[in-house]
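*Asks:* here is a sequence with its predicted model. Questions after.
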Amino acid sequence: MTDDDSCITGKRGKYFGICTSYHHSKGCNCPKCPSYPEKGKFMFCSKGAYPGVEKKGCLCQECIIHNKFDLEGEYFCLE
Ligand code: SF4
């Protein structure tokens, strides 16, 4: 299992945590976000913060993953 294909149990999200599978990553808003830090990175709600991200707006609360896993908060790339 690679870092990009892991299920983080008990970290955030409902029931089983957030799975960063290809299926879920397709719904991730990160690449469309004005704060997006680096091409090829995504699903910070599951993987954790990315160093040096600047706050320029956040699309997490409009994201299908946010809704699907009952997440709370925003700017997962920062926190
Ligand atoms: S909630 Fe935010 S960090 Fe998580 S997949 Fe959606 S846009 Fe990415």
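*Replies:* Arrived safely.
*Asks:* what does this structure put close to the ligand?
*Replies:* Within the chain, the positions adjacent to the ligand are 28-30, 42-45, 59-60, 63, 65-66, 71, 76 by C-beta under 6 Å from any ligand atom. Any C-beta I mention is one placed from the backbone N, CA and C, and that applies to glycine too.
*Asks:* of those residues, buried ones?
*Replies:* Neighbour-count burial (16 or more other C-beta atoms under 10 Å) is assigned, among the residues of the chain next to the ligand, to 28-30, 42-45, 59-60, 63, 65-66, 71, 76.
*Asks:* redo these as TSV? Include pLDDT.
*Replies:* As requested, those are exported to TSV (pLDDT from 0 to 100):
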residue	pLDDT
Cys28	93
Asn29	95
Cys30	95
Phe42	90
Met43	91
Phe44	92
Cys45	90
Leu59	97
Cys60	96
Cys63	95
Ile65	90
His66	91
Leu71	88
Phe76	93
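*Asks:* quick check: the two most widely separated of the residues you listed?
*Replies:* Using C-beta to C-beta, those reach their maximum pairwise distance at Phe42 and Leu71, which is 14.6 Å.
*Asks:* just checking, which of the buried ones among the residues of the chain next to the ligand belong to strands?
*Replies:* Secondary structure from DSSP state E places none of these in strands.
*Asks:* now render the residues you listed as CSV, adding distance to Cys19.
*Replies:* What follows is those, written out as CSV (distance: C-beta to C-beta, whole Å):
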residue, distance to Cys19
Cys28, 12
Asn29, 17
Cys30, 15
Phe42, 13
Met43, 9
Phe44, 14
Cys45, 11
Leu59, 20
Cys60, 17
Cys63, 15
Ile65, 10
His66, 14
Leu71, 13
Phe76, 15
